[in-house]
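heads up, no residue letters with this:
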């Protein structure tokens, strides 16, 4: 109650009490219990009126009861203003809660009698939720509010809606819309009706909003005709032909055995090659063809262009192919008999989790379809306890997946090849630099008076096979280093080299490992070979340097030149060198990769997965179900994808459709034909079952559940989108195979 509502002129109240007192004082027992108090106006006898007048000034429940009865007495006499003043005095006093609530109820009645509509409504409204109201006053107040709503004018209804409690907001809104519609202002009605039916198709006021919807379209004449919008030209024409075949087959089957005047007809319009053309085609079917519903359009973009027209057209549109994620729930008039991307992705995540594939990356095309599928898959897998180590996108139609494969943890074999070439150049440069330093020490020894080892002008140098050194041998590098030193030093003037292979016969009798060859043994071998000097190499493994040399081992080589006569080290040169060490394959530890992409992209990506050593299965989506994939089944062995329709399914509805389509068109049906068949069959069933207007068809479609169609068990999720599990298809032994979910 608003404070101002409780104030009444004091003179009115005083006069009421004085009149009662003039009748003489009666005797009345105090009544402190409001339970059972009368709710209708009631005249008092003179004695009781006098008694209540005497009690009216008594504090507490006795005074409250007296004021309440005096008000009923005034109301019985037709003085609702005086009665209201008495009740207002009771409410403002100290009477018990029960008498105050009864008085507030009577004040609302008085306001209603006096034509104060908004005051009366708000009075009842405040009592409708009062927890302590006696004798059903709360329910009476609620009923009073609902009863008043139907008689409100536009101004009162709009004013009351502004601050209405939740219990009465929707009935008030419906009253406002009803008045708008009666006044011909249809735009706000269309908007509000569609918003409610979209948000709450089964809500508590759905019937009232559906009635408004029927009244909006009451002037539209409709026939037992279904419209079909498909492209007859352009790149999508072949797909449009498949949709039309499926729809015609469904309508022909539905009409079997039906009298000609009761049959459903199919009226086809060209979707064109632009969203504007598609929207115009639908409008033509509705306004000129008087169709009760529309099948199509084929393209998601065309469907989105149509959405703004639906509030005015007020005709259910059921697309068998539009799959754009943002089409979900865009209008209560738009339905889809195609699997939502999120449904497919979630089903694949469920399958992955069931197969213990808990580390799965996503590789998706950078478009709406791919991004939505990847996000939905990742969200579902994570909810099931899985991990998505990498989220990678690519541009559809590319042929080189190198960047994507590296992001997925693949290993590029070209890196090893490039590293080998770099290392070979580096090692050759270092060998030449070391050889130049060693070569400066290669001088012919003075001729020995005892005969000496050499009486020629040339110096003889024996190069030990570094490959026999343990560290070098393990790296398969020792022989290469020894050969490089031998070749480089042999080019020096006056040097004759005994190469690593030839040197074996001189030093291997002394020891089996070049790494164990002592200086004395090296000198002995050199003397046996008639060499003036011996070149030996020692290697060592150094700690790796992952910052400077990622994925490379670091090693050192110390080349020593020994005098064959004394065994002394004449010269030595050392250097460090690296060797590429490929990291382990699949560095992210992936168990699978989810790739919701077109078949052409899958075919291009699979060879790169093998090249980059990512030998993990692929999980895919319905866009895999294309003819070009069938030429690459050997490369896809073990991979799995989801699809909305699989003709080899054992489901009875699928089998019936497959047989009927093959008999009618001598061809195997695909998913577009199957979904168009299901959509047309649903609408035809509704019409033949008695649905005769567009709102009735819309309402009927929202309730579809448990329908066995061409794509299996079917219903509409949240009244708008197909709700069914996709089929899981795998590549097994070079063929597509329907997989039973674990």
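Cool, the structure landed. Not measured: the values here are computed from a predicted model.

strands along the stretch 301-450 of the chain, start to end?
Along the stretch 301-450 of the chain, counting by DSSP state E, counting those that start in this stretch, strands occupy 317-319, 334-336, 360-365, 391-394.

between these, which one is closest to residue 735.
Judged by Cβ to Cβ, the one of the strands of the stretch 301-450 of the chain that comes nearest to residue 735 is strand 360-365, at 24.5 Å. Placement of C-beta: from N, CA and C, glycine included.

any idea which of the strands of the stretch 301-450 of the chain is most buried?
Between the strands of the stretch 301-450 of the chain, strand 317-319 has the highest mean count of neighbours, a mean of 27, where neighbours are mean count of other Cβ atoms under 10 Å.

if we can go back for a sec, for residue 108, find the nearest of the strands of the stretch 301-450 of the chain.
Here strand 334-336 is closest among those (Cβ to Cβ), at 44.9 Å.

what mean pLDDT does that closest one get?
The average pLDDT for strand 334-336 rounds to 93.

got a markdown table for the strands of the stretch 301-450 of the chain, with distance to residue 611 too?
Below are the strands of the stretch 301-450 of the chain laid out as a markdown table (distance: least, Cβ to Cβ, whole Å):
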| stretch | distance to residue 611 |
| --- | --- |
| strand 317-319 | 40 |
| strand 334-336 | 39 |
| strand 360-365 | 15 |
| strand 391-394 | 16 |
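
out of the ones you listed, the one nearest residue 238 is which?
Judging the strands of the stretch 301-450 of the chain by Cβ to Cβ, what sits closest to residue 238 is strand 317-319, at 17.7 Å.

what comes into contact with that closest one?
282, 293-298, 303, 306, 310, 327, 333-338, 679, 682-683, 701 (Cβ atoms under 8 Å, 6 or more residues apart in numbering).

need the distance between the two termini of stretch 252-259.
End-to-end span of stretch 252-259 (Cα to Cα, to the nearest Å): 13 Å.

what's it in contact with?
Residues contacting stretch 252-259 (Cβ under 8 Å, 6+ apart): 263-264, 660, 680-681, 684-685, 688.

among these, who's most crowded?
residue 680 (30 neighbours; other Cβ atoms under 10 Å).

and the helix or strand hosting that one, what's buried?
According to DSSP states H and E, residue 680 maps onto helix 671-688. Using 16 or more other Cβ atoms under 10 Å as the test for burial, helix 671-688 gives 671-687.

on that earlier part again, nearest to residue 169, of the strands of the stretch 301-450 of the chain?
Here strand 334-336 is closest among those (Cβ to Cβ), at 27.0 Å.

from the chain's centroid, how far away is the closest one?
Relative to its chain's centre, strand 334-336 lies at 19 Å (Cα atoms, centre = their mean, to the nearest Å).

show me what that strand is packed up against.
strand 317-319, strand 721-722 (3 or more Cβ pairs under 8 Å, 6 or more residues apart in numbering; DSSP states H and E).

rank these by mean pLDDT and give me the bottom one.
strand 721-722 (a mean of 83).

per-domain residue ranges of the chain.
3-216, 225-336, 342-411+586-643, 414-580 (automatic domain parsing).

between the ones you listed, which gets nearest to residue 732?
domain 342-411+586-643 (7.5 Å).

returning to that earlier point: I'd like to know which elements the helix holding residue 680 is packed against.
So helix 671-688, by 3+ Cβ pairs under 8 Å, 6+ apart, packs with strand 225-230, helix 237-255, strand 293-295, strand 317-319, helix 652-665, helix 694-702, strand 707-709.

what's around the closest residue to residue 251 other than its chain neighbours, how many residues?
Residue nearest to residue 251 in three dimensions, not counting chain neighbours: residue 266, with 5.0 Å by Cβ to Cβ, 6 or more residues apart in numbering. A total of 19 residues lie near residue 266 under the criterion other Cβ under 10 Å.

for the one 3 residues further on, same thing?
Here the neighbour count serves as a burial measure; for residue 269 (other Cβ under 10 Å) it reads 24.

give me every residue that touches it.
By Cβ under 8 Å, 6+ apart, the contact list for residue 269 reads 227-229, 281-282, 284-285, 289.

and residue 439, how close does it get to residue 490?
Distance from residue 439 to residue 490, counting by Cβ to Cβ, to the nearest Å: 10 Å.

brain fart, residue 126
With Cβ to Cβ as the criterion, residue 126 and residue 490 are 112 Å apart.

looking at the two, which is more packed in?
Between residue 126 and residue 490, counting by other Cβ under 10 Å, residue 126 is the more crowded of the two (18 against 15).

hang on, the earlier thing: for the contacts of residue 269, which one is nearest residue 480?
residue 229 (72.6 Å).

what about the residue nearest to the closest one when sequence neighbours are not counted, how many neighbours?
Distances taken as Cβ to Cβ, 6+ apart place residue 296 nearest to residue 229, at 3.4 Å, with adjacent residues excluded. By other Cβ under 10 Å, 32 other residues sit near residue 296.

quick one, grab the pLDDT at residue 296.
pLDDT for residue 296: 94.

which residues does it contact?
Neighbouring residues of residue 296 by Cβ under 8 Å, 6+ apart: 227-230, 243, 271, 278, 282, 317, 319-320.

run the last query once more with 7 Å
Taking Cβ atoms under 7 Å, 6 or more residues apart in numbering, we find residue 296 in contact with 228-230, 271, 319.

mark which of those residues are buried, thanks.
Buried, going by 16+ other Cβ under 10 Å: 228-230, 271, 319, out of the contacts of residue 296.

could you dump those residues into a markdown table with distance to residue 629 added?
Below are these laid out as a markdown table (distance: Cβ to Cβ, whole Å):
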| residue | distance to residue 629 |
| --- | --- |
| 228 | 29 |
| 229 | 29 |
| 230 | 25 |
| 271 | 27 |
| 319 | 25 |
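
so where's the stretch 301-450 of the chain shaky on pLDDT?
Scanning the stretch 301-450 of the chain for pLDDT under 70 picks out 414-419, 444-450.

hmm, 90 instead?
Along the stretch 301-450 of the chain, segments meeting pLDDT under 90 span 312, 323-329, 337-343, 368-369, 411-432, 434-450.
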